[in-house]
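Participant: sequence first, predicted coordinates after that:
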Amino acid sequence: MEKEQLKQQLKEQIIQFLNLTNLKPEDIKDDEPLFGEGLGLDSIDSIELIVLLSREYGITIEDPKEGRKVLVDINTMVDYISAHRTK
Amino acid sequence: MYIHDYSYISPQHTFRETDIASIVEYTDNKLTAIEPGYADIPPGVLRRMGKAVRIGIGAAMPVIQHQSIDGIIIGTANGGMEDCIKFLNQIIDYDEGMLTPGSFVQSTPNAIAGQIGLLDKNTGYNITHVHLGLAFENALLDAFMMVREHPGTQYLVGAVDVISSYNYHIDLLKGTFRKDLISNKDLYNTTTTGTIAGEGAGTLRVNDIPENAVAQIRAIKMIHTEDENEIKAALQDFLRQQVNPNGAPDLFISGENGDERLLKYYRAAESVFPDDTTIARYKHLCGDFPTASSIALWLACYKSPLPNHCIKRPGSLRQHQSIVIYNNYYGKQHGFVYLTKYQHSQLLLNFLYDAGTGCRFFPVFMI
């Protein structure tokens, strides 16, 4: 899958998993921070994102340090998915 | 225990800009709540809430946002059942693997009182009563005892239940709900089994201060029986002990729900009252759900006279100050609530009566 396609798909999945019904995929910028300022997600959302990676891409993140590096923005998530996906 | 503020989100226009003179019609046997915009709830918090939590908080915010409260007491039979089923389905769908916490957090019955406490930054008494059809009456009783034991405190008391598709279908198979589709306007014009489903969330602010109160809850009684004669006898005792020696309130609000199997209980209760007493009904407005008696209390507090579509028997009294509410759940759980509604000239008379002067108030003394 092309990177741009994957970004679009991931944004749609984030909106669905986190029930961000007031957002459209184009509202989420590729380099916008997911947590704190930016999208404004919190710690419960981080668990939802880890479950999303597991269910949709077969990726298991067990090390919290690794999680912090991956769940930064759309770009970092897409790079990680491209490198580690098993489905 | 005095009621000072009240709020309700229901299938009718009962929230903020209220209008119950005309009925919102439903023809699919499911009366779903008309939800407001929830401007008082932060969007980041709102997106995680299931419907039960959402309407519970929505109904609570107008009551507590300008008032400090000492505790939160909620009655709900099922809490966020839709989220509960979603969570259970995830366990199956993902083969007991990794699960997201959101649905679980939202699905527990005490999530409603808990979220209200979080939003209000209230760390006081926080409890949820889950006694099915008597959950709301038990919440009221709890508040009644808290106010009596802790003078000067005030509480948010509420009731919440929602229609979940899973529970609706189980109840439909069980015969609780009608299989043929009817309008809620025709609820009482039928002679078949089953009723229509409903939902709602209501809250009250209660304390022991009579000044500016809307109403006073004077007595609550709950019994479990399937014998209508026991209902009649229990109601007669309740009226004699709590209302007055003649046992006649101005208004009786009945939980009649169009199910012919339960009519015997409501008829037995109605037979206790003299012709003067007005008899009213409300489940054509909200459908039936375990804590539906909460909307009867909202109607009792409502500033305007009850609309004609709620009146089953007019009675002879023009004003309704003393009010008895009766509801039953599956013909097994029965609750009575007695309250007096205030026009403020009534408060002094009531205070004198409460102080043991022997002075009893009657509608004729009201201004």
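Facilitator: Cool, the structure landed. Residues are numbered from 1 along each chain as shown, chains lettered A, B, ... in the order given.

Participant: low-confidence ranges in chain A?
Facilitator: Along chain A, the model assigns pLDDT under 70 to residues A:1.

Participant: avg pLDDT for stretch B:111-125?
Facilitator: When pLDDT is averaged along stretch B:111-125, the result is 95.

Participant: give the contact list for the residue of the stretch 251-367 of chain B found nearest chain A.
Facilitator: For the stretch 251-367 of chain B, the residue closest to chain A is residue B:289, as judged by C-beta to the nearest C-beta, at 24.9 Å. All C-beta atoms are positioned from the backbone trio N, CA, C, and that covers glycine. Contacts here follow C-beta atoms under 8 Å, 6 or more residues apart in numbering or on different chains; on that basis residue B:289 touches B:77, B:161-163, B:197-200.

Participant: ditto for residue A:31
Facilitator: A:73-75.

Participant: hang on, it in a strand?
Facilitator: No. Residue A:31: not assigned to a strand; according to DSSP: H, G, I helix; E, B strand; the rest coil it is coil.

Participant: and it, how far from chain B?
Facilitator: Distance of residue A:31 to chain B, computed by C-beta to the nearest C-beta, to the nearest Å: 21 Å.

Participant: before we move on, what about residue A:63?
Facilitator: Distance from residue A:63 to chain B, by C-beta to the nearest C-beta: 15 Å.

Participant: what's the answer for residue A:81, then?
Facilitator: With C-beta to the nearest C-beta as the criterion, residue A:81 and chain B are 16 Å apart.

Participant: surely that residue and residue A:6 touch.
Facilitator: Yes. The criterion here is C-beta atoms under 8 Å, and residue A:81 meets it with residue A:6 at 6.6 Å.

Participant: the two - which one has more neighbours?
Facilitator: Ranked by neighbour count (other C-beta atoms under 10 Å in any protein chain shown), residue A:81 and residue A:6 place residue A:81 first, with 21 against 18.

Participant: OK, contacts around the more buried one?
Facilitator: By C-beta under 8 Å, 6+ apart, residue A:81 lies in contact with A:6, A:10, A:53, A:57, A:59.

Participant: follow-up on the earlier one: take the contacts of residue A:31 and keep only those in strands.
Facilitator: Residues of the contacts of residue A:31 located in strands (DSSP state E): none.

Participant: quick check on the residues you listed: which are buried?
Facilitator: When the contacts of residue A:31 are checked for burial by 16 or more other C-beta atoms under 10 Å in any protein chain shown, the buried set is A:73-74.

Participant: would a markdown table of the contacts of residue A:31 with distance to residue B:141 be doable?
Facilitator: Formatted as a markdown table, the contacts of residue A:31 follow (distance: C-beta to C-beta, whole Å):
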| residue | distance to residue B:141 |
| --- | --- |
| A:73 | 53 |
| A:74 | 53 |
| A:75 | 57 |
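
Participant: now residue A:18: how far from residue A:49?
Facilitator: Distance, residue A:18 to residue A:49, using C-beta to C-beta, to the nearest Å: 8 Å.

Participant: list residues touching both of those two?
Facilitator: residue A:41.

Participant: from residue B:53, how far off is the residue of the stretch 251-367 of chain B closest to chain A?
Facilitator: Per C-beta to C-beta, residue B:289 is found 16 Å from residue B:53.

Participant: just residue B:39 next, same as before
Facilitator: Distance from residue B:39 to residue B:53, by C-beta to C-beta: 17 Å.

Participant: which one of the two is surrounded by more residues?
Facilitator: residue B:53 (29 against 9).

Participant: hang on, isn't the more buried one packed against residue B:105?
Facilitator: No. Assessed by C-beta under 8 Å, residue B:53 is found out of contact with residue B:105, at 9.3 Å.

Participant: name the residues contacting each of the two.
Facilitator: The contact lists of residue B:53 and residue B:105 share residue B:111, where a contact means C-beta under 8 Å, 6+ apart.

Participant: center of the chain, which residue is that?
Facilitator: If you meant another chain, say so; for now it's chain A. Centroid-nearest residue in chain A, with C-alpha atoms, centre = their mean: residue A:77, separated by 5.2 Å.

Participant: I was after chain B.
Facilitator: Taking C-alpha atoms, centre = their mean, chain B has its central residue at residue B:294, 0.7 Å away.

Participant: and chain B, what are its domains?
Facilitator: Domain segmentation of chain B under automatic domain parsing yields B:2-207, B:215-365.

Participant: lowest mean pLDDT across the ones you listed, which one is that?
Facilitator: In terms of mean pLDDT, the lowest-scoring of the domains of chain B is domain B:215-365 (a mean of 86).

Participant: now that domain: how far from the chain's centre is it?
Facilitator: Centre-to-centre, domain B:215-365 and its host chain are 13 Å apart (C-alpha atoms, centre = their mean, to the nearest Å).

Participant: most surrounded residue in the contacts of residue A:81?
Facilitator: Neighbour max across those (other C-beta under 10 Å) = residue A:53, 23 neighbours.

Participant: residue B:204 is in what secondary structure piece?
Facilitator: strand B:200-207 (DSSP states H and E).

Participant: do residue A:5 as well
Facilitator: Per DSSP H and E: helix A:3-17 holds residue A:5.

Participant: now the element after that helix, going C-ward?
Facilitator: helix A:43-57.

Participant: can you give me the offset of that following helix from its chain's centre?
Facilitator: 8 Å.

Participant: give me the residues contacting that helix.
Facilitator: If you take C-beta under 8 Å, 6+ apart as the criterion, helix A:43-57 is touched by A:13-14, A:17-18, A:34-35, A:41, A:59-61, A:67, A:70-71, A:77, A:81, A:84-87, B:48, B:94, B:97-102, B:105.

Participant: try 6 Å this time
Facilitator: For helix A:43-57, contacts defined as C-beta atoms under 6 Å, 6 or more residues apart in numbering or on different chains pick out A:13, A:17-18, A:59-61, A:71, A:81, A:85, B:98, B:100-101.
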